Structures are given as C-alpha cells and as structure tokens.
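> 3D, please:
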Amino acid sequence: MSHTHAPVFSLLVAAVLAAGCESGDQPLTPLEERAELRFIHASPDAPSVDIVGPVTPLVEDLEYKSASPVLSTAAGTTTLRVDADVPGGPVAIFGPEDVELAADTVHNVIAIGRASEVDALVLTAPAAAVSADSVRAQVVHAAPDAPAVDVYVTAPDAALEQENPLGSLEFGEATDPVEVPAGEYQIRVSAAGDPASVVFDSGPVTLPGGADLLIVAVENTGPGDAPVSLVVADDRGSFEILDVATPAEVRAIHASPDAPAVDVIVNDDFENPALADVTFGTATDYHALPPGTYNVKVTPAGNPGVIAIDANLDLAAGTRYSVYAADVLASIAPYVLVDDNRPVATEAKVRIVHLAPGAGAVDIYVTEPGADLEAAAPAFANVAFRDETGYVSLAGGEYDVTVTPAGTKEPAIGPTTVELSDGGVYTAAARDAEGGGAPFELILLDDFVDDSEH
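Numbers count the residues shown, from 1 in each chain. You can find the predicted model right below:
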C-alpha cells in the first residue's frame, strides 16, 4: 500500500519551493493530496462488475470474491458508478454518485447484498503504515443470508468459551481495524452469543508482519457446509480462505458410446466402488471428497479385472469437477472439467462440451427459435472433439441449439429448443449414439435436468 509520510513530504516541498524562488522562477505548484481506493465484489449472485470513474473505468471485470489492488487517486469529490456485466452490455447497478475521498485515507468500497438490491458499503481507515512485527485487520460481515455472528481471531486451538470475540456483527457491519502481533492465528465464526456453534473455521493461518488486511465474510457458493468463506484483501489484490473442512466435489459422466456400464474405483477400493453401474449417457450426482490426489480406475460394472481407465486426479478444496469417460472404448480416457455452478441472477450460464467422437470438428449455433440457419453465424466455430465452449452468458429465454459439421449448415444435432432462466446454470455434452456414430444426441446436465424436475 502506498503511504504519504507527512513531515518528510512537507520538508521536501518546502525545499523545492525555496529553490525555485531563489532562482527567480515562479514557485512550483505543490503536489495534489492523494487518497487510496479499493473495491471488493461481495454480491453472491451478481455478475462481474466494472467500476467507472468520472471519465474512464477504474477496475474492469471484477469477479465475485475478489478485490482490486489499492488505487491511488486525487483526494476530493469524485464520481463513481458500478456497472454489471450482463448480456447485451453493461448496466449501472450503483450510481453515478459523488463520493468524497479524504486525503491520506483508504476508502474500501464493497458491493454487498444480492443482485436485486446491491448496495455499496464504504469503509474508511487512515493510510498509515503497519509496523513490521504487527498486522492490522478489519472484518466485515457481507454474507446476506448469514445471521448475526461473533468473529474470533485467536491463537490456534484456543477455547472460544474463554475468548472475547473480535466483534459481533450483523450483515453489513464491520469491526474497527485492530493491530495484533504478526504470527499464526485461527479465525472462527459462530452464531452470535454461542461460541459452541462454530460455522466457519479457518484452521491455522499466518498473518504476516506489516500487512494491512480487510477480511470480508462472503456467502459460500461452492462445496461444503460452511455458510461463508473469507476474502482477504491486501494492497495487491485478494485471496480466499476456505473453511478447514471444505471438500472437493466430483461427478462422473459416461460418454463412451461402445463401453458397457461401468464402476468407478477410488484408491483401489474394489470392494466398495465409489460409483456403481454408471450407464452410457448418464451422470452421477456430485460426491464430496477431501482435497488431495486420488487414483481412479474405471472398470466394466461388476468386473474389476478389466481396467478401462487408470488415472490420478488432483482435487482442490472448494472446487467442483466433472469427469467424463470420453471416446470409444479402444481409446477411452478421462476428460476433466472444473464446474462453475454459482448462479448469476442477471443471466443464464451455458456450457457445451463436444464428446461425440464420430462427429469430428463441429460448429455450434445458438439462435432464436425457428431462425434460418443459412443466415446465421456459428456462436462457436470449429470446436474439436474433447473441447468445450466455456460458460457463456445468455439472457433468459428460448433458444435453438444446433450442432453441424464444421463449415456446413447441415444439422448433426438439433435444432433443439431450450428454455433458459436467469440464474440458471446449464451444461450439455454432445455424444454419439449408443455403439458409436450418428444419430448424435446431447447429455443434459445441471439445470437442464433440475428445471425439468420442477
């Protein structure tokens, strides 16, 4: 973080002015006073945002659970606007509003609340340096669905019944900044007044000397039972602290057209398959696993003597994975994707995966229902086998999805009319027919399936 040391700075300016006067020149204009500004995205169902100043964007594509670096700007009145990145172009969700920026002060602007009623929480603190053997921390409750909480920052494994909370916070409240010796701590969050009801536990974490940290409790939108995680912002950006018990989550999708039903064996536990009798074209539910490296073997259902896939998977805490058994049996191999299932209220998130080995490279069209394909350009061109589109933002509504051999307008799949809702997450995997080749079909996942069950 940049800091102005006032006495030294004043002496330097005075010396420069004096030198200018002695030489007969006009006095130099003193440097303008500076303020510091940082933005944190803590709205759990909002899209990425742009922070726009009086003329130009200050921060672009700020994602949920992230913070900008600390920005140095002129002190005084400035105009800020927060734009949501939505299909069709940015939309202002806050401002434009005049904000007074005090000199030698850090202004933390936190987008809190759900997308339908997002607000800006502004916290200020002196831009004063922290000693090398201390750490300054301030904690904010920015999880809209979490009740009032007590926040404890203690030595590791300290009994909370014998500790005083750093603060008791309702949604939208913050503790005062406090300085503590640098070292190893444990951050725990409990229901207000009940230290036995810990809902978040960081485990041991190191708070480094000289750090000035803003710790924002945000809604957990990933795996695990903890209702919150912690976004820790410093002068360079941010990182996330997950609950110590946060698992990874994994699901399996059988997309090998000539393979039989399969069992999935984890770490050679053949007596107890992790997933049993997974048939072609189907997907399992997500299963929670502690983070780590796992050996995964895929065998024909009930026949552990034949191993079709033998692979190691590295699973990270707080991450969801889809593991596709892809290609024909002679070339079968895992195809692993990281899933982003956080709903965004202003859009539908759609991902299409090409796992049809008989189709070759394809073009994918996403058009209005009944649109003339001859007049349309592909949304995704020349998508290869074992490739995918990533998540695409679309406004809720009806669309036709058509898959053609690359460079042609002849449908290989579809047109398939799909109904998408804002806040939905949708994945579709193109596959061969059972046994291989045409007719090609789609394996529908996520809200394609969930919506049909309602």
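
> Check which helix or strand the residue nearest to residue 211 when sequence neighbours are not counted maps to.
With sequence-adjacent residues excluded and distances taken as C-beta to C-beta, 6 or more residues apart in numbering, residue 211 is closest to residue 135, at 4.7 Å. Using the backbone N, CA and C atoms, a C-beta is placed for each residue, glycine as well. In this assignment (DSSP states H and E), residue 135 forms part of strand 134-141.

> secondary structure class for residue 450?
Here residue 450 takes the helix state, with states given by DSSP: H, G, I helix; E, B strand; the rest coil.

> What is the neighbour count of residue 147?
The local packing of residue 147 (other C-beta atoms under 10 Å) involves 12 other residues.

> Distance of it relative to residue 116?
In this view, residue 147 and residue 116 are 20 Å apart by C-beta to C-beta, to the nearest Å.

> Quick check: pLDDT value at residue 22.
At residue 22, the model reports a pLDDT of 40.

> ok so, going back, around the residue nearest to residue 211, count how many other residues there are.
22.

> again with the one 5 residues further on
The criterion is other C-beta under 10 Å. On that basis, residue 140 has 28 neighbouring residues.

> cool, and residue 118?
Neighbour count for residue 118, taken as other C-beta under 10 Å: 21.

> That one reaches residue 47, doesn't it?
No: Residue 118 is beyond contact range of residue 47, at 10.6 Å (criterion: C-beta atoms under 8 Å).

> Verify the contact between residue 402 and residue 369 for me.
No: under the criterion of C-beta under 8 Å, residue 402 is not in contact with residue 369, lying 11.0 Å apart.

> which residues do these two both contact?
Common neighbours of residue 402 and residue 369, counting by C-beta atoms under 8 Å, 6 or more residues apart in numbering, are residue 415.

> who has more neighbours, the two?
With neighbours defined as other C-beta under 10 Å, residue 402 and residue 369 compare such that residue 402 has more, 24 against 12.

> about what we covered before: need the residues that contact the strand holding residue 135.
For strand 134-141, the external contacting residues (C-beta under 8 Å, 6+ apart) are 42, 110, 121, 123, 125, 130, 149, 151, 153, 166-167, 169-182, 207-217.

> 7 Å - rerun?
110, 125, 130, 149, 151, 153, 166-167, 169-182, 207-209, 211-217 (C-beta atoms under 7 Å, 6 or more residues apart in numbering).

> same deal with stretch 407-417?
Contacts for stretch 407-417 (C-beta under 7 Å, 6+ apart): 359, 362, 369, 373-374, 398, 400-405, 430, 440-442.

> Buried only: go through those for me.
Buried subset of those (neighbour count, 16 or more other C-beta atoms under 10 Å): 359, 362, 373, 400-404, 430, 440-442.

> In JSON lines: the residues you listed, plus pLDDT and secondary structure.
Formatted as JSON lines, the entries for the buried ones among the contacts of stretch 407-417 read as follows, by pLDDT from 0 to 100; DSSP: H, G, I helix; E, B strand; the rest coil:
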{"residue": "359", "pLDDT": "94", "secondary structure": "coil"}
{"residue": "362", "pLDDT": "97", "secondary structure": "strand"}
{"residue": "373", "pLDDT": "94", "secondary structure": "helix"}
{"residue": "400", "pLDDT": "95", "secondary structure": "strand"}
{"residue": "401", "pLDDT": "95", "secondary structure": "strand"}
{"residue": "402", "pLDDT": "96", "secondary structure": "strand"}
{"residue": "403", "pLDDT": "96", "secondary structure": "strand"}
{"residue": "404", "pLDDT": "96", "secondary structure": "strand"}
{"residue": "430", "pLDDT": "96", "secondary structure": "strand"}
{"residue": "440", "pLDDT": "95", "secondary structure": "coil"}
{"residue": "441", "pLDDT": "94", "secondary structure": "strand"}
{"residue": "442", "pLDDT": "94", "secondary structure": "strand"}
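
> Rebuild those residues as CSV, extending it with distance to residue 305.
Below are the buried ones among the contacts of stretch 407-417 laid out as CSV (distance: C-beta to C-beta, whole Å):
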residue, distance to residue 305
359, 33
362, 37
373, 48
400, 46
401, 41
402, 43
403, 38
404, 42
430, 32
440, 33
441, 31
442, 33
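
> From the residues you listed, pick the one nearest residue 277.
Residue 277 lies nearest to residue 441 out of these, by C-beta to C-beta, at 20.9 Å.

> so the closest one makes contact with residue 432?
No: here residue 441 does not reach residue 432: they are 8.1 Å apart, not a contact under C-beta atoms under 7 Å.
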